[in-house]
Structures are given as C-alpha cells and as structure tokens.
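Undergrad: Okay, structure incoming, though there's no sequence with it:
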Ligand SMILES: CSC[C@@H](O)[C@@H](O)C(=O)COP(=O)(O)O
C-alpha cells in the first residue's frame with residue numbers, strides 16, 4: 001500500500017545495506033512512522049516478541065528474514081547448520097499462537113537442506129525469505145480479489161454503503177502488503193464501492209484503534225473506531241452488513257484462533273444473522289490440528305498490557321495506570337472461534353465453508 005504516495009511494504013531489506021532488514025516499528029503508530037533496523041537473529045526475535053512487528057503473516061516473514069540474518073553471522077562458524085538450527089529454535093519460541101512462524105521456519109530449514117556451504121546458505125535463505133514475502137503479498141492480493149465479491153453482492157442488493165466490522169489489525173501492517181481482512185475492503189474502495197469500516201479498538205493493545213484506523217485513514221477508507229463492546233449493539237440495529245477478521249491459526253476443521261474478543265463478535269454475528277468471514281493465506285492453516293479450542297496454544301502476555309494504557313500527551317507518548325496497581329490482571333491474547341460460527345474462509349484460492357471438506361475443496365493436495 002502507499003504511505004504519502006510511496007508504495008510501501010511492512011518489511012524490506014535496507015535499501016543501502018542488504019545485511020540489514022527494516023521493519024516498521026508498530027509500537028510507535030499511529031503517532032510516529034519509524035523504521036527499525038534488524039541486523040541479527042536476536043534483533044529479529046526481539047522484534048517479534050516485543051511486537052515491533054505483529055500479525056501472523058508478518059511474524060512469519062520476519063522469522064524468515066531472521067534466518068537470513070542468522071546465516072550472515074553463521075558464515076564464520078564451522079558448524080553453520082547447528083548455528084542455524086539454534087536460530088530457528090530461538091525464533092520459534094517468540095510467540096506461540098501464529099502458525100505462520102513455524103511454517104516460515106520450516107520452509108527455511110528445508111531450504112538449508114539444499115545447500116552444501118555456509119555462503120550458499122546465505123544466498124539460499126535470502127532468496128527463500130524474499131520469495132516468502134512476495135508470495136504473502138500475492139496471496140493477500142488474491143484474498144482481496146475473492147473477498148471483494150462479498151462486498152459487491154451486498155452493495156448490489158442494498159444500494160447503500162456497506163458497513164464492515166473488523167477486529168484487531170489484519171491489515172497490510174500485519175502482513176507484507178494488502179492485509180487479509182482489509183484486502184477485500186481496499187479492493188472495494190479502489191473500485192469505487194462505498195464502504196465504511198467499524199474498527200474495534202481491540203483492548204488491551206489497541207491494534208484496531210492504533211493500526212487499523214491509521215491504515216484505513218492513509219488509504220482514505222471511511223471508518224469509525226468503536227469500543228470492543230459496541231459490536232453486538234451495532235449488529236442488533238442493522239448497522240453491520242458483514243464482519244471480516246483475520247486469524248493466527250486455522251485448524252483443518254475450520255476453527256479459527258484470532259485476537260481475543262473475536263469469538264464474542266462471532267457469537268453476536270450469529271445471533272443477528274450477520275455474515276462472519278475469516279480471511280487467511282494458506283500459511284495460516286495448521287493441517288495437523290482439528291479441534292481449535294482444545295489444541296491451539298493461546299499466548300498469555302504481560303499483565304501490564306491490561307493494567308496500563310498508552311497514548312499521546314503533550315509530553316509525547318505516555319503510559320498510564322488504569323486500575324488499582326495491586327489488582328492482578330489476566331491477558332489471554334487470543335481466543336478460538338469454532339467453525340460453526342464462521343460463515344466462510346476467504347483464502348488466496350477462493351472462498352470456502354469453514355470445514356475440512358471446504359478447505360480440502362480448495363487445497364486437495366492436503367487430503
Ligand atoms: C492478518 S493478521 C491475523 C492476525 O494475526 C490478527 O488478526 C491478530 O490477531 C494479530 O494479533 P497480534 O497479537 O497483534 O499479533
């Protein structure tokens with residue numbers, strides 16, 4: 001997508017130094033657009049763990065680039081394969097829920113098997129990381145081309161601006177470009193279809209208020225930030241035509257793990273007959289799992305993300321305590337929406353029911 005008219009991806013090689021990877025520091029948005037340099041695998045791991053970068057596809061892309069950075073450092077090591085295996089292990093520990101992380105690391109370890117020397121490993125892991133970024137961009141573009149048909153159909157029926165609710169940030173900041181949930185929205189807007197997005201603020205880290213609202217604003221898409229608890233009310237009053245969210249891991253049966261609160265939106269959508277779609281590249285499908293509620297690992301993060309909130313004050317970005325300091329807080333970062341509450345999955349190969357049969361109709365090679 002474009003920032004100030006310039007086509008921009010969320011992750012890139014440094015334009016002047018290909019030994020450095022650059023990512024947008026998402027902790028600073030929407031107040032500041034800052035690029036952070038990552039020059040080692042440890043810095044890549046830190047960026048994922050501390051949520052400089054976040055969103056399932058971008059976590060995978062950063063891990064892939066992290067393996068390339070590790071290869072640059074491993075050139076001098078006699079046991080470069082051992083060093084790279086250790087690098088994959090440490091990157092794999094950073095965040096537990098998004099399966100794209102393991103998908104990207106597996107892809108890099110398979111690429112490593114095809115080389116004989118450390119310098120070949122550098123070239124191969126760089127090429128493979130760049131291919132992962134390019135594939136993610138194209139998959140997200142395709143998700144948009146399939147998903148925009150849903151918006152077109154609603155507009156053809158109502159002739160009114162289409163109101164879409166989304167949760168968290170499944171936008172281009174969470175991917176390499178386009179986003180998953182936002183890609184149909186960007187395509188619709190670019191085709192001149194009138195769309196309006198209800199942006200859940202997404203406590204505790206407020207990825208909706210901070211990131212999705214910023215992204216949509218940059219692209220000129222009409223939107224309104226709402227408290228997380230408002231979605232059910234809006235649906236009851238006919239103010240939501242469609243919900244589209246992203247996912248961090250989707251099981252073979254179509255259960256979907258996404259940012260905490262997604263499940264409640266799906267319940268409200270079900271009760272009100274609002275179509276509830278989940279957009280994902282196939283790298284987000286965990287074909288080894290069936291029952292998402294029982295099997296998907298749910299990340300628990302620091303209590304401080306719940307107890308403190310940050311925002312822009314006249315003194316810069318400031319963090320403030322919003323509850324008694326002594327009260328404990330719980331911070332489950334994701335929840336699982338069972339497939340029965342999901343109207344359909346929007347993938348790069350088309351839209352399918354959220355079920356094993358549905359997924360296999362698009363990905364028969366996984367039977
Ligand atoms: C296309 S991104 C899909 C998901 O990763 C997104 O919806 C989400 O829940 C991100 O959570 P986060 O904790 O910000 O990484």
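TA: Right, received. Where do you want to start? Predicted model only: the values in this text are computed from it and were never measured.
Undergrad: and the residue in the chain positioned nearest to the ligand, what does it touch?
TA: Among the residues of the chain, residue 246 lies closest to the ligand, at 2.7 Å counting by Cβ to the nearest ligand atom. For the C-beta atoms, the positions are set from N, CA and C on the backbone; glycine is no exception. Contacts for residue 246 were tallied using Cβ atoms under 8 Å, 6 or more residues apart in numbering; they are 55-56, 168-170, 174, 179-181, 258-259, 278-280.
Undergrad: and if we set it to 6 Å?
TA: Residues counted as contacts of residue 246 (Cβ atoms under 6 Å, 6 or more residues apart in numbering) are 170, 180-181, 258.
Undergrad: and if you look at residue 326?
TA: Applying Cβ under 6 Å, 6+ apart to residue 326 gives no contacts.
Undergrad: for the one 10 residues further on, same thing?
TA: Taking Cβ under 6 Å, 6+ apart as the contact definition, residue 336 lies against 255, 257, 292-293, 296.
Undergrad: Quick check: closest non-adjacent residue to residue 149.
TA: Spatially, and ignoring its direct neighbours in sequence, residue 149 is nearest to residue 351 (7.8 Å; Cβ to Cβ, 6 or more residues apart in numbering).
Undergrad: Point me to the helix or strand that includes that neighbour.
TA: Under the criterion DSSP states H and E, the helix or strand holding residue 351 is strand 350-352.
Undergrad: Tell me which residues of the very next helix or strand once past that strand come out buried.
TA: Elements were assigned by DSSP H and E; along the chain past strand 350-352, the next helix or strand is helix 356-362. By neighbour count on 16 or more other Cβ atoms under 10 Å, the buried set for helix 356-362 is 356, 358-359.
Undergrad: residue ranges with poor pLDDT in the stretch 1-150 of the chain?
TA: By pLDDT under 70, the stretch 1-150 of the chain contains no weakly predicted segment.
Undergrad: Now do the strands for it: every range, in order, please.
TA: If you assign secondary structure with DSSP state E, counting those that start in this stretch, the strands in the stretch 1-150 of the chain sit at 2-3, 6-7, 11-14, 17-24, 35-38.
Undergrad: mind checking how far the residue of the chain closest to the ligand is from residue 164?
TA: When distances are taken as Cβ to Cβ, to the nearest Å, residue 246 and residue 164 turn out to be 13 Å apart.
Undergrad: which residues does residue 289 contact?
TA: With contacts defined as Cβ under 6 Å, 6+ apart, residue 289 is in contact with 251, 295.
Undergrad: returning to what we had before: quick one: average pLDDT of the strand holding residue 351?
TA: For strand 350-352, mean pLDDT rounds to 99.
Undergrad: what's next to that strand, contact-wise?
TA: 146, 344-345, 358, 361-362.
Undergrad: Those into JSON lines, with extra columns for distance to the ligand?
TA: Listed next are these as JSON lines, based on distance: Cβ to the nearest ligand atom, whole Å:
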{"residue": "146", "distance to the ligand": "15"}
{"residue": "344", "distance to the ligand": "16"}
{"residue": "345", "distance to the ligand": "13"}
{"residue": "358", "distance to the ligand": "19"}
{"residue": "361", "distance to the ligand": "23"}
{"residue": "362", "distance to the ligand": "18"}
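Undergrad: what's the closest non-adjacent residue to the residue nearest the centre of the chain?
TA: Averaging the C-alpha coordinates of the chain gives a centre point, and the residue nearest to it by Cα atoms, centre = their mean is residue 55 (2.7 Å). If the residues on either side of it in the chain are set aside, residue 55 comes closest to residue 174, at 2.2 Å by Cβ to Cβ, 6+ apart.
Undergrad: burial count for the one you found?
TA: Counted by other Cβ atoms under 10 Å, the residues lying close to residue 174 total 29.
Undergrad: related to what we said a few turns ago, mind checking which of the strands of the stretch 1-150 of the chain is nearest residue 118?
TA: For the strands of the stretch 1-150 of the chain, the distance to residue 118 is smallest for strand 17-24, at 14.7 Å, taking Cβ to Cβ.
Undergrad: ok, that closest one near the ligand or not?
TA: No - in terms of Cβ under 6 Å from any ligand atom, no part of strand 17-24 sits within range of the ligand; the closest distance is 13.3 Å.
Undergrad: No further queries at this time; thank you.
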